[in-house]
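Novice: Please find the sequence and the predicted model below.
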Amino acid sequence: MADHSEEACKQVDVGITRVFELLGKRWTGLIVSVLMERAVHFAELRRAIPGISERMLSDRLTELGAAGLVVREVDVGPPLRVSYRLTEAGAAMEPALKELSMWAESYLGVAPGECP
């Protein structure tokens, strides 16, 4: 039987809290979504997300890297190019993100593949 006491209802699941602390930040979900497809160079990633600044993209990529979800790879070139890809842990989010996308289609009136 579920515990519906006042104390139990005040507590939020630690895992869900951590997920939303990380993925709930503006731009983070979009970055992960782009990287689900393939590794992407920094400039290409910025072009794929209209409105994001270089600084914000860099900050979010750093956070995702620290969380073990994204890896930064440097091609010394010439020219020097930096690309990003999801780690195994990052790629493991794909089923959950696909479920959220289907939920959005059903309940938020978003068409499949619709651009913002």
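Specialist: Noted; the coordinates are in hand. From a predicted model like this one, the values you see are computed outputs, not experimental measurements.
Novice: Low-confidence regions, the chain specifically.
Specialist: Within the chain, the stretches with pLDDT under 70 are 1-9, 112-116.
Novice: Let's see that with 80 instead.
Specialist: Low-confidence segments of the chain (pLDDT under 80): 1-12, 77, 110-116.
Novice: Helices along that one, start to end?
Specialist: 6-10, 14-23, 28-37, 42-48, 54-66, 88-91, 94-107 (DSSP state H).
Novice: Identify all contacting residues around the last one.
Specialist: Taking Cβ atoms under 8 Å, 6 or more residues apart in numbering as the criterion, the residues outside helix 94-107 that touch it are 29, 32, 33, 36, 110, 111, 112. Just so you know, the C-beta spots here come from the backbone N, C-alpha and C atoms, and that holds for glycine as well.
Novice: Select from those the one having the most neighbours.
Specialist: Counting by other Cβ atoms under 10 Å, residue 32 has the largest number of neighbours within the contacts of helix 94-107, with 21 neighbours.
Novice: wait, doesn't that one sit right on residue 67?
Specialist: No. Between residue 32 and residue 67 there is no contact under Cβ atoms under 8 Å: 10.7 Å.
Novice: outside of stretch 80-87, which residues touch it?
Specialist: 32, 35-36, 38-42, 45, 61, 68-75, 93.
Novice: Can you say which of those residues are buried?
Specialist: 32, 35, 40, 42, 45, 61, 69, 70, 71, 93 (16 or more other Cβ atoms under 10 Å).
Novice: tell me the two of the residues you listed that are most distant?
Specialist: 42 and 93 (21.0 Å; Cβ to Cβ).
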